[in-house]
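> below: sequence and its predicted model.
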Amino acid sequence: KVLILSLLMYPVLRSLALQLHSAITGSYVSGTHSIAFINCLNEQIAKDIARAIMDKKLAAYVNILPKSSALYFWKGELEESTEILLLVKTRTSKIGELSNYVRSIHPFEIPEIISLPIDQGNPLYLKWIEESVPRD
């Protein structure tokens with residue numbers, strides 16, 4: 001039973017150990033922050049969603065990238081469109097809340113909301129993200 005409990009607790013203990021190490025040394029723990037990608041139909045929708053994300057303090061920074069062409073299958077048909085891409089920098093712990101919120105305000109039936117963890121980067125920038133997005 002002790003072995004099973006130890007195995008189940010390993011991720012929690014590892015996470016706590018990494019947070020403690022980060023606090024003591026000031027080093028960045030890989031994956032603490034993420035970049036979320038959100039596609040929007042047009043620039044106005046993109047700006048509205050970006051502002052809503054910022055107003056809710058779900059991100060430190062949102063890039064609004066210009067139009068790009070997209071090809072995708074929708075309901076069995078190949079579709080082609082132009083879209084605006086949001087790059088959202090936030091805490092990884094906020095991705096679930098961010099995704100739920102964006103789904104509630106996004107006009108697409110199934111909006112693209114995907115994220116990738118940030119492995120490394122400018123320590124001062126990563127610290128700024130940390131300070132800009134409130135903890136859970």
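Looks like it came in fine. All values reported here derive from a predicted model rather than from experimental measurement.
> burial measure for Asp55, as a count.
8 (other Cβ atoms under 10 Å). Just so you know, the C-beta spots here come from the backbone N, C-alpha and C atoms, and that holds for glycine as well.
> can you check the one 4 residues further on too?
Using other Cβ under 10 Å, the number of residues around Ala59 comes to 23.
> wait, what's in contact with it?
Neighbouring residues of Ala59 by Cβ atoms under 8 Å, 6 or more residues apart in numbering: Ala36, Ile53, Val88, Lys89, Thr90, Lys94, Leu98, Val133.
> which parts of the protein are helices?
2-25, 43-55, 95-105, 123-132 (DSSP state H).
> just the CA trace of the last one, in PDB.
This means helix 123-132. Provided in PDB are the C-alpha atoms of helix 123-132 (Å, rounded to 0.1, in the frame of the first residue of the first chain):
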ATOM      1  CA  PRO A 123      13.700  34.800 -17.300                       C
ATOM      2  CA  LEU A 124      12.600  38.400 -16.900                       C
ATOM      3  CA  TYR A 125       9.800  38.000 -19.400                       C
ATOM      4  CA  LEU A 126       8.600  34.700 -17.800                       C
ATOM      5  CA  LYS A 127       8.700  36.400 -14.400                       C
ATOM      6  CA  TRP A 128       6.600  39.200 -15.800                       C
ATOM      7  CA  ILE A 129       4.000  36.700 -17.000                       C
ATOM      8  CA  GLU A 130       4.000  35.200 -13.500                       C
ATOM      9  CA  GLU A 131       3.400  38.700 -12.000                       C
ATOM     10  CA  SER A 132       0.700  39.700 -14.600                       C
END
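> name whatever forms a beta bridge with the most centrally placed residue in the chain.
Residue closest to the mean C-alpha point of the chain, counted by Cα atoms, centre = their mean, is Ala36 at 3.6 Å. On the basis of DSSP bridges, Ala36 is bridged to Val88, Ser115.
> give me the domain ranges for the protein.
Per the TED database, the structural domains of the chain span 1-30, 31-132.
> and of the contacts of Ala59, the nearest to Tyr61?
Using Cβ to Cβ, Lys89 comes nearest to Tyr61 of the contacts of Ala59, at 4.4 Å.
> cool, thanks, signing off.
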